[in-house]
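>>> The sequence and its predicted three-dimensional model are supplied below.
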Amino acid sequence: MYTFSDNLLHTLTTARKIAVLTGAGISAESGVATFRDPDGLWAKFRPEELASMDGFLKNPNMVWEWYEARRKVVDSVKPNAGHTALVEMQKWYEERGGRFTLITQNVDRLHQQAGSHDVIELHGNIIDNYCSRCKKPHEYRYTSTAPNVKEPPRCTYCGGMIRPAVVWFGEMLPPDALEAAQEAAETCEVFFSIGTSAEVYPAAGLPIEAKRAGALFIEVNPNQTAITRFADVSISAPSGEALPALFASMLAKNNIL
Ligand code: APR
């Protein structure tokens, strides 16, 4: 059972500008591996070999098959109660004329599947594909029923290798997404960092930018991270449990208001 301070609940129920940054941890309870947990992807694979253009050019078939394997997992899982709580919070704030901006580092689109809208995807997504040479979008989509595609399809325009629409190490983040995320961090009253180790910039800098701009910084993570010491409120719990409990407490508090 989770209890939250009256002060926190008052702040959350009276604030009207909320920004949320999520990382792989919010999808962990759906069954999607994180990156840096002891059983995470980077414990088994080297990121530069798999999540970089160099790695892709060196070994396109291995990289393509690794993403197909991740797509198979993403295709088979469902959003969890943490994703759903954020959908309900977004609705609750917007019904009151507020602004709820959801920024994610995740590429699994579980937020959208749960019902969140206008999600800012800082690291792209694993569903879409485009040509690594001419950059044109490509129609290939993973499906559980289609035969295993063992190597990157070829671009119908230029013959280049098709790649997943994720942001790889060493690549720029989509400028519009980053700008929107920074604007939300700088103007919000409350900033949540949920399920991220805060190891990868510029995403990891957003909570600190928000705090510096005057926001209340709340971290939701069962483990300590590089930014836990800066959090005004640290909820050390799995997001699939903490977020529904927090939203339920907000509703209870609000009914009293
Ligand atoms: N609820 C909340 N947080 C959780 C849960 C959970 N149930 N389970 C694990 N976590 C936390 C872990 O404690 C960890 O701090 O989620 C965090 C996951 O951290 P990472 O695996 O580093 O994932 P993330 O922060 O999203 O990585 C950022 O790095 O490799 C790149 O592009 C990749 O977007 C990714 C970026």
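Thanks, I have it. Keep in mind the model is a prediction, meaning the values are calculated, not measured.

>>> ok, the closest residue to residue 213 other than its chain neighbours to the ligand distance?
When the adjacent residues along the chain are set aside, residue 213 lies closest to residue 186, with 4.6 Å between them (Cβ to Cβ, 6 or more residues apart in numbering). Just so you know, the C-beta spots here come from the backbone N, C-alpha and C atoms, and that holds for glycine as well. Taking Cβ to the nearest ligand atom, to the nearest Å as the criterion, residue 186 is separated from the ligand by 21 Å.

>>> Pretty sure residue 186 sits in a helix.
Yes - with DSSP: H, G, I helix; E, B strand; the rest coil as the criterion, residue 186 is assigned to a helix.

>>> gap between it and residue 177?
Residue 186 sits 15 Å away from residue 177, taking Cβ to Cβ, to the nearest Å as the criterion.

>>> Show the pLDDT at the closest residue to the ligand within the chain.
The chain approaches the ligand most closely through residue 25 (2.3 Å), counting by Cβ to the nearest ligand atom. According to the per-residue confidence, residue 25 scores 98 in pLDDT.

>>> give me the number of residues near the residue nearest to residue 218 when sequence neighbours are not counted?
Distances taken as Cβ to Cβ, 6+ apart place residue 233 nearest to residue 218, at 4.4 Å, with adjacent residues excluded. Residues within reach of residue 233, counting by other Cβ atoms under 10 Å, total 18.

>>> tell me the domain boundaries of the chain?
6-32+79-123+173-256, 47-76+128-166 (automatic domain parsing).

>>> Residue 73 contacts residue 33, doesn't it?
Yes - with the criterion set as Cβ atoms under 8 Å, residue 73 and residue 33 qualify as a contacting pair; they are 7.5 Å apart.

>>> Are there residues contacting both of the two? Which ones?
The contact sets of residue 73 and residue 33 do not overlap (Cβ atoms under 8 Å, 6 or more residues apart in numbering).

>>> Which positions are bridged to residue 130 in the beta structure?
In this structure, residue 130 bridges to residue 137, residue 163 when assessed by DSSP bridges.

>>> and it, how far is that from residue 67?
From residue 130 over to residue 67 the distance is 13 Å, taken as Cβ to Cβ.

>>> Neighbour count: these two, which is higher?
Relative neighbour count places residue 67 above the other of residue 130 and residue 67, with 21 against 18, counting by other Cβ under 10 Å.

>>> Give me the distance between that one and residue 11.
41 Å.

>>> Next: residue 242.
Summarising the geometry, the distance separating residue 242 from residue 11, computed by Cβ to Cβ, is 16 Å.

>>> which of those two has more neighbours?
Each of residue 242 and residue 11 has its neighbours counted (other Cβ under 10 Å); residue 242 has more, 22 against 16.

>>> The helix or strand containing that one packs against which elements?
In this assignment (DSSP states H and E), residue 242 forms part of helix 239-256. Secondary structure elements in contact with helix 239-256, counted by 3 or more Cβ pairs under 8 Å, 6 or more residues apart in numbering; DSSP states H and E, are helix 6-14, helix 25-28, helix 81-95, strand 216-220.

>>> who touches residue 113 in this structure?
Taking Cβ under 8 Å, 6+ apart as the definition of contact, the neighbours of residue 113 are 78, 79, 83.

>>> which of those residues are close to the ligand?
Intersecting those with the surroundings of the ligand, defined as Cβ under 6 Å from any ligand atom, gives nothing.

>>> Please identify, among those, the one with the most neighbours.
Each of these was scored for neighbours by other Cβ under 10 Å, and residue 83 scores highest at 27 neighbours.

>>> was I right about that residue contacting residue 119?
No - proximity of residue 83 to residue 119 does not meet the contact threshold set by Cβ under 8 Å, at 10.6 Å.

>>> Thank you kindly, that will do.
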